[in-house]
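Chemist: just need the structure, nothing else, for what follows:
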Amino acid sequence: MTATSNDTRTIHFLGNNEITVLVSGSESGGAFSLMELVVQPGGGANTLHTDRWVEVFHVLDGEAEWTLERNGALDTWIARRGETIVVPMGAKHRFAGAGEGPCRMLTLGTAEYEQFFR
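Modeler: Numbering: from 1, shown residues only. Model prediction:
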């Protein structure tokens, strides 16, 4: 694995939210990307959307309000530390920081997933 500078690892998205690329798609040979998201209260991917890939999120700290399509219905809940969310390819989903402070999540997806944010 080749180390890269910090400025290429940090991505700002949707306001003051931040992504740190831990393992890039190029570092994994195109197999996956692993990132840490820091989502501010009320920030995040607030609009329901779908993606062409599977996404996995693991809450490290804080809380996030999630909405995820399951069996054709939308399910909304507060995800807390230790919870893992798997978003199937094509499933409608959204998330937003829900607590008093930032929510930190690890997220794993395809190399294309990382490029979506760049």
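Chemist: show me where the protein has its strands.
Modeler: Taking DSSP state E as the criterion, the chain contains strands spanning 10-13, 17-23, 33-39, 44-49, 55-61, 63-70, 73-80, 84-87, 93-97, 103-109.
Chemist: could these be laid out in a markdown table, adding distance to F117 and mean pLDDT?
Modeler: All C-beta atoms are positioned from the backbone trio N, CA, C, and that covers glycine. As requested, the strands of the chain are exported to a markdown table (distance: least, Cβ to Cβ, whole Å; pLDDT from 0 to 100):
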| stretch | distance to F117 | mean pLDDT |
| --- | --- | --- |
| strand 10-13 | 5 | 84 |
| strand 17-23 | 6 | 94 |
| strand 33-39 | 8 | 96 |
| strand 44-49 | 10 | 89 |
| strand 55-61 | 12 | 97 |
| strand 63-70 | 17 | 96 |
| strand 73-80 | 20 | 97 |
| strand 84-87 | 15 | 98 |
| strand 93-97 | 14 | 95 |
| strand 103-109 | 10 | 96 |
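Chemist: identify whichever of those lies nearest to Q115.
Modeler: Across the strands of the chain, Q115 has its closest neighbour in strand 33-39 (8.3 Å, Cβ to Cβ).
Chemist: contacting residues around the spatially most central residue of the chain?
Modeler: By Cα atoms, centre = their mean, the chain has its centre lying nearest to T107, at 4.7 Å. Going by Cβ atoms under 8 Å, 6 or more residues apart in numbering, T107 touches 34-37, 55-58, 113.
Chemist: how close does it get to A45?
Modeler: Computed as Cβ to Cβ, to the nearest Å, the T107 to A45 distance reads 11 Å.
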